[in-house]
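> give me a 3D structure for the following:
(4 chains)
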2 protein chains.
Amino acid sequence: MKNNRLISEAIDSYFPRLATMPALKADLVKISQIHRFEAGTVILRQGAYIKVIPLLISGLAKVFKEEPEEGNEVLLYYIKPGESCVMSVTTLIRNQTSQVKAVIEEDSEVVIIPAEQALAIAKKYPKWNEFIYDLFNLKFEELLHVIEILTFSKKDKRLLEYLRTEAKLKERKVLNTTHQQIAYDLGSSREVISRLLKKLEQEGYIHLRQGAIEITDKI
Amino acid sequence: MKNNRLISEAIDSYFPRLATMPALKADLVKISQIHRFEAGTVILRQGAYIKVIPLLISGLAKVFKEEPEEGNEVLLYYIKPGESCVMSVTTLIRNQTSQVKAVIEEDSEVVIIPAEQALAIAKKYPKWNEFIYDLFNLKFEELLHVIEILTFSKKDKRLLEYLRTEAKLKERKVLNTTHQQIAYDLGSSREVISRLLKKLEQEGYIHLRQGAIEITDKI
DNA sequence: AAAACCGTGTAACTTTTGTTACTGAATAAA
DNA sequence: TTTATTCAGTAACAAAAGTTACACGGTTTT
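Numbers count the residues shown, from 1 in each chain, chains lettered A, B, ... in the order given. Now for the predicted structure:
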């Protein structure tokens, strides 16, 4: 959908860094479109070439690493409003295929920049690169944290942290999800997750209901 | 040690991308020094501020994530000749303290750029940013791989891959290391590593000797 | 040479995680 | 309302990883 006023406002509100440079903003508005995606939409497939660069305005997306062959995957990090998919950008620049999968987690509005134009923008405006650079940095640190917790913590701690992050990002205390879904995100099995959730409930960190998990205030 | 000819040659040989821009190269030569570090030197401490940006000319360095409190750590990736410590660069830009530790693994020659001057270089020359950007990208992918193997593989596979990477980077088939050292790198315990090494030996992948491990050609 | 130390081997046990197999409750569909 | 279907619970077992404890062969130090 082409609505320049909407795109312009979206950049002003969610990408103030890009808005500080009027020429850059004008170019972005000119070449991009705004799209809505429903939860569950795969916006980037592992192994695929990059056709567009997305800027998330509202909603939430998740980025996964898939295991080759087997159908397993791990959640790497989230894409929040005001962020883009850094892997798309760098993969595009290096003309590789994507190493990760990105899935819309909550209905989202996204400013879509066609790949070739995004490359031109990157060449023309250092500000754009600064933006990407910062984002890249942020995600790098998030990966470090995943490695840290995978190496030094047990699954129960990882699980609790996952639940709290989900609750925080979705701004609710009750998560509508299934044990199976959590198992997919964490690269584990449903039975293990059920067992650990039960333990967390007994310890008072959460309350379990059918298809829902409530996070308590216990620290 | 200040030796402009040496620095100039080092940049030509190991950082050809930076050498393509004569002005950038000239500035780098002007502000930097060449240093030798012995194996074991900690060139970047976790939690410390960044004072210099290193460019590795020869030798090898390792980058670790340390567990807060406990003394445990995990190997994240290596810094090879022709590379710099990306975390130094981004940490410097954001004026944060380092999230990682970097240790010289094999006696190394390093071109040292003082932090403030490095910031000036980054502002002045887009080429420098391109270089960092590519490096960042590379390390990002290496982190992805660590997460992948931590999530989907067992320790024996991780161990074998570690041994092979070490052998490749150090260009020898016999690694002079101890089981304890490997345990530190992989964030495990000596006994577990001993057990798994014995298993790998029985399977024909390695030969064990006192203080040394020989990697065989078995695939 | 005796003592101390380091690196390794390994048994026995515990904890954590994964797997198999089956049950029943809750919800949606026919 | 009956029938599927999805989701959750859980026991029992297996495998992987961590822990404790100790033995032993080399070095190195005294």
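
> do I have it right that A:Glu83 meets A:Ile57?
No: the pair A:Glu83 and A:Ile57 does not pass the contact test of C-beta atoms under 8 Å, sitting 10.2 Å apart. Yep, even glycine has a C-beta here, placed from its N, CA and C like the rest.

> common neighbours of these two, please.
Counting by C-beta atoms under 8 Å, 6 or more residues apart in numbering or on different chains, no residue touches both A:Glu83 and A:Ile57.

> helices of chain A, residue ranges please.
In chain A, the segments counted as helices under DSSP state H are A:4-14, A:16-19, A:22-31, A:86-93, A:115-124, A:126-152, A:155-170, A:179-186, A:190-202.

> quick one: the shortest one near chain B?
What that stands for is helix A:16-19. No: Helix A:16-19 does not reach chain B (C-beta under 8 Å from any C-beta of the partner chain); its nearest approach is 14.0 Å.

> quick one: list the elements packing against that helix.
helix A:4-14, helix A:22-31, helix A:126-152 (3 or more C-beta pairs under 8 Å, 6 or more residues apart in numbering or on different chains; DSSP states H and E).

> same question for the third one.
Helices and strands touching helix A:22-31, as assessed by 3+ C-beta pairs under 8 Å, 6+ apart, comprise helix A:4-14, helix A:16-19, strand A:101-114, helix A:115-124.

> re the thing from before, which of the helices of chain A sits closest to B:Glu106?
Distance to B:Glu106, taken as C-beta to C-beta, is lowest for helix A:126-152 among those, at 23.7 Å.

> right, is the closest one up against chain B?
Yes: against chain B, helix A:126-152 shows contacts by C-beta under 8 Å from any C-beta at A:126, A:129, A:133-134, A:136-137, A:139-141, A:143-144, A:146-148, A:150-152.

> now that we have those residues, which of them are buried?
Among the residues of helix A:126-152 next to chain B, those buried by neighbour count (16 or more other C-beta atoms under 10 Å in any protein chain shown) are A:129, A:133-134, A:136-137, A:139-141, A:143-144, A:146-148, A:150-152.

> contacts only, for the residue nearest to A:Ile213 when sequence neighbours are not counted.
Nearest non-adjacent residue to A:Ile213, counting by C-beta to C-beta, 6 or more residues apart in numbering or on different chains: A:Leu175, 4.8 Å away. By C-beta under 8 Å, 6+ apart, A:Leu175 lies in contact with A:Leu163, A:Glu166, A:Ala167, A:Ala212, A:Ile213, A:Glu214, A:Ile215.

> got the contact list for the fourth one?
It stands for A:Ala212. A:Ala212 neighbours (C-beta under 8 Å, 6+ apart): A:Val174, A:Leu175, A:Asn176, A:Thr177.

> state the distance from the last one to DNA strand C.
Spelled out, it's A:Thr177. Distance, A:Thr177 to DNA strand C, by C-beta to the nearest atom of the strand, to the nearest Å: 14 Å.

> is that residue in contact with A:Glu214, as I believe?
No: the pair A:Thr177 / A:Glu214 is not scored as a contact, 11.6 Å apart, by C-beta under 8 Å.

> I figured A:Phe64 hits A:Glu105, correct?
No: A:Phe64 is beyond contact range of A:Glu105, at 10.8 Å (criterion: C-beta under 8 Å).

> need the residues of chain A near chain B, please.
Residues of chain A found near chain B (C-beta under 8 Å from any C-beta) are A:65, A:67, A:70, A:72, A:74, A:76, A:90, A:93-94, A:99-100, A:126, A:129, A:133-134, A:136-137, A:139-141, A:143-144, A:146-148, A:150-152, A:187.

> which bits of chain A sit near DNA strand C?
Within chain A, the positions near DNA strand C by C-beta under 7 Å from any atom of the strand are A:Lys154, A:Lys155, A:Asp156, A:Gly187, A:Ser188, A:Ser189, A:Glu191, A:Val192, A:Arg195, A:Leu196, A:Gln210, A:Gly211.

> looking at those residues, which is nearest A:Lys51?
Closest approach to A:Lys51 among these (C-beta to C-beta): A:Gly187, at 28.0 Å.

> now the closest residue to A:Gly82 other than its chain neighbours: how far from chain B?
Spatial nearest neighbour of A:Gly82, chain neighbours left out: A:Tyr14 (4.4 Å); criterion: C-beta to C-beta, 6+ apart. Using C-beta to the nearest C-beta, to the nearest Å, we find A:Tyr14 at a distance of 21 Å from chain B.
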